[in-house]
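Trainee: pasting a predicted model and its sequence here:
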Amino acid sequence: MASAEREAWITGVGIVSNLGEGAEAHWQKLMAGQPAPDTTTYAPYVVHPLAPLNYDLQIPKKGDQRQMEAWQRIGTYAAGLALDSAGVKGNRDILSHMDMIVAAGGGERDLAVDSAILSTIPRAANPDAFLNERLMSDLRPTLFLAQLSNLMAGNISIVHGVTGSSRTFMGEESSGVDAVRIALSRIVAGQSDIALVGGAYNAERPDVLMLHDFASFCLKDGYKPVWERGDQGGFALGSLGAFLVLEGRDHAEARGAKPLAKLTRVLSDRSKRKPGDVTASLTRLWDKLKDKVKATGAAVLSGATGANPATAEERAFLTARDDLAVRATGSYVGHGMEPTFPMNVALATVALAHGSLFPPADSTGLERPMSGELSQVLVTSVGHWRGEGLALIERAG
């Protein structure tokens, strides 16, 4: 039985976004400091579209690709990158006991079918019967099944051979926090030796833009970095996929794997979101971690969405800790809901591997240059509507 002090290493990272594919491509774009959102395709909404991918490289069978919706292809591709990064791709002995935890939404709509039904149903003699008939005849079975969030895990299992236990969490940003938190807890407790954890999101969908705009969450009419979006605020959705391979140190050392970083702690909370609740929630989480944070070499990667009042309250929390350099990754990759937290843990891992932080993308003064070597990163997650989280990632060794 593993001891309670068992270390959890991050031994693999697989990420795709509008910045490109893989850790090095992301680092180069972050260091260039030039966000490149799309402000025209879905105008007035701002979207960070996925960089072009050759899906054949990670999903070789065209039949597998065809039966997946875009968000599943993105996730399955990123999972393959993570397995490659960890050096376990195709290793049946390891993959057979690798656990998997996926953070995912409920799938995608068929806009053509939805539009046809909505435009015709007001004239139908029997609307209920008409709706059932159209859904049965117009939706392909594979498309209908693609609405099941756990099919991303199923496709990863089929394509990459990950056949240990499998769990899927839903619940927007908090699902990403809890997916990583549970994976870490299981490894530390000795209930798991190696796990694949992450998720994916397809932001290039008029239906989700419309859905979130109903609640005035979307950034519109031009791009601004996260902290510069003013009182109204808003998020710029981003298509992204992010998976991590988490591994017990003893398991990694036994196979000769080197750590990219150490995942020390993941905490989550769910405040009632009355005024001041987000700041108070993050402060409570911080109090559980602050003794582990060093006086120098620490920084924050914020998952702030840009939507208020949540982002303004997170800013109040960060301003009170002005000794920590801050970067909002949403300025670069956009906001990806479920996989945002795994993506930020992955970007923290990449930054720790380089021993430095990428430049600020902010003119308000919250983000400042960081001097000295980076050794710890705190990752925040404040959901646009519900849920808060905080993680500590450290350089291993």
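Mentor: Okay, I see it. These figures come from a predicted structure and were not determined experimentally.

Trainee: per-residue pLDDT, Ala189?
Mentor: pLDDT recorded at Ala189 is 96.

Trainee: distance of it from Ala8?
Mentor: 10 Å (C-beta to C-beta, to the nearest Å). Using the backbone N, CA and C atoms, a C-beta is placed for each residue, glycine as well.

Trainee: among these two, which residue is more densely surrounded?
Mentor: For Ala189 versus Ala8, neighbours defined as other C-beta atoms under 10 Å are more numerous around Ala8 (27 against 13).

Trainee: what sits closest to the residue nearest the centre of the chain if chain neighbours are left out?
Mentor: Most central in the chain under C-alpha atoms, centre = their mean is Pro339, positioned 2.0 Å from the mean C-alpha point. Distances taken as C-beta to C-beta, 6 or more residues apart in numbering place Gly199 nearest to Pro339, at 3.6 Å, with adjacent residues excluded.

Trainee: that neighbour: which element?
Mentor: Secondary structure from DSSP states H and E places Gly199 in strand 194-201.

Trainee: secondary structure class of the residue with the largest distance to the centre of the chain, three-state.
Mentor: When distances are taken from the C-alpha mean of the chain, Ala125 lies farthest, 44.9 Å away, according to C-alpha atoms, centre = their mean. At Ala125 the chain is in coil, as set by DSSP: H, G, I helix; E, B strand; the rest coil.

Trainee: next one: it from Gly372, what distance?
Mentor: Taking C-beta to C-beta, one finds Ala125 at 73 Å from Gly372.

Trainee: and the helices in the stretch 201-350 of the chain, which stretches?
Mentor: For the stretch 201-350 of the chain, the helices defined by DSSP state H, counting those that start in this stretch cover 206-213, 249-254, 277-289, 310-319, 330-333, 340-354.

Trainee: by how many degrees do the fourth one and helix 277-289 diverge?
Mentor: With axes from the mean of the first three to the mean of the last three C-alpha atoms, to 10 degrees as the criterion, the two stretches helix 310-319 and helix 277-289 enclose an angle of 40 degrees.

Trainee: and helix 310-319, what other elements does it pack with?
Mentor: helix 277-289, strand 298-302, strand 376-382 (3 or more C-beta pairs under 8 Å, 6 or more residues apart in numbering; DSSP states H and E).

Trainee: can you check the first one too?
Mentor: The contact analysis (3+ C-beta pairs under 8 Å, 6+ apart) places helix 206-213 against helix 111-120, strand 237-238.
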